[in-house]
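**Q** no FASTA, just this:
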């Protein structure tokens, strides 16, 4: 039978006797674009909101033995997970998605109710994150970092000491630090543990840095070290 499966919130679908086919996992998300019709003008104006919509990722799944026990356990697990969790499958092992389970499961039973097939739908962030982008890189001197994708990445940073660092022309000054400061460029927050450090940083360009496609120069003064998790992504 099948050899493909997914892992969600740290649990493999095979833990519940579930195998999948993933022919519907190759679609791309829809861009958030508005069309504005102007009276007396042919065609329509396009407003690009520079973002993608969430995407539904369906898995055609089946259980080939001990259906009732496995299916009940699967339902209990999926409905117990809250918010977005990591989703990985064997069709795209180099990527992961942020997904949440959001719909009912209606199985089709086979003879004697021993086997069954059904569709599991996940509501997903439109981005496919490269698992290679989860590798932490430690920088102690100025360097250049290449973004291998076509999309701006918003990294996680752990910055040691006080001073100023610059990524791709965008700089942040850290005025006060207890050993290190964590900066989440996606959430636009600075913190250490559960303590907010937003008051300890100055956005010299009025924005958080991003890793643009291609080469990004990274330099720092006063700062002794930066641990960077690049969070590369594509669609």
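**A** Structure received. The structure displayed is predicted, hence computed values, not measured ones.
**Q** buried stuff in stretch 107-117?
**A** 107, 115, 116 (16 or more other C-beta atoms under 10 Å). Where C-beta positions appear, they are placed from N, C-alpha and C, glycine not excepted.
**Q** I misspoke; the intended subject was stretch 156-172.
**A** Residues 156-161, 163-168, 170-172 are the ones in stretch 156-172 that count as buried (16+ other C-beta under 10 Å).
**Q** among those, show me the least confident.
**A** Least confident of the buried residues of stretch 156-172 in the model: residue 168, at 94.
**Q** which residue comes closest to it once chain neighbours are left out?
**A** Residue nearest to residue 168 in three dimensions, not counting chain neighbours: residue 216, with 4.4 Å by C-beta to C-beta, 6 or more residues apart in numbering.
**Q** ok, now which ones touch the spatially closest residue to residue 4 that is not a sequence neighbour?
**A** Leaving aside its sequence neighbours, residue 4 sits nearest to residue 90 (C-beta to C-beta, 6+ apart; 4.5 Å). Residue 90 sits next to 3, 4, 5, 6, 22 when contact means C-beta atoms under 8 Å, 6 or more residues apart in numbering.
**Q** burial count for the first one?
**A** Read that as residue 3. 8 (other C-beta atoms under 10 Å).
**Q** how is the protein divided into domains?
**A** Annotated domains of the chain cover 6-126, 132-234 [automatic domain parsing].
**Q** stretch 158-172 spans what distance, first to last residue?
**A** End-to-end distance for stretch 158-172: 13 Å, by C-alpha to C-alpha, to the nearest Å.
**Q** same question for stretch 151-159.
**A** End-to-end distance for stretch 151-159: 24 Å, by C-alpha to C-alpha.
**Q** same question for stretch 16-32.
**A** Start-to-end, stretch 16-32 (C-alpha to C-alpha) is 37 Å.
**Q** ok, stretch 98-106 next?
**A** Criterion C-alpha to C-alpha; first-to-last residue distance in stretch 98-106 is 23 Å.
**Q** average pLDDT for it, rounded please.
**A** 93.
**Q** what comes into contact with that stretch?
**A** Contacts for stretch 98-106 (C-beta under 8 Å, 6+ apart): 8, 57, 74-75, 78-79, 81, 83-87, 118-125, 127, 129.
**Q** okay, residue 138 and residue 185: tell me how far apart.
**A** Counting by C-beta to C-beta, to the nearest Å, the separation of residue 138 from residue 185 is 18 Å.
**Q** quick one: which of these two has more around it?
**A** It is residue 185, of residue 138 and residue 185, that has more neighbours when counted by other C-beta under 10 Å, with 23 against 10.
**Q** ok, the more buried one touching residue 157?
**A** Yes: contact status for residue 185 versus residue 157: in contact at 6.9 Å, counting by C-beta atoms under 8 Å.
**Q** this completes my enquiry, with thanks.
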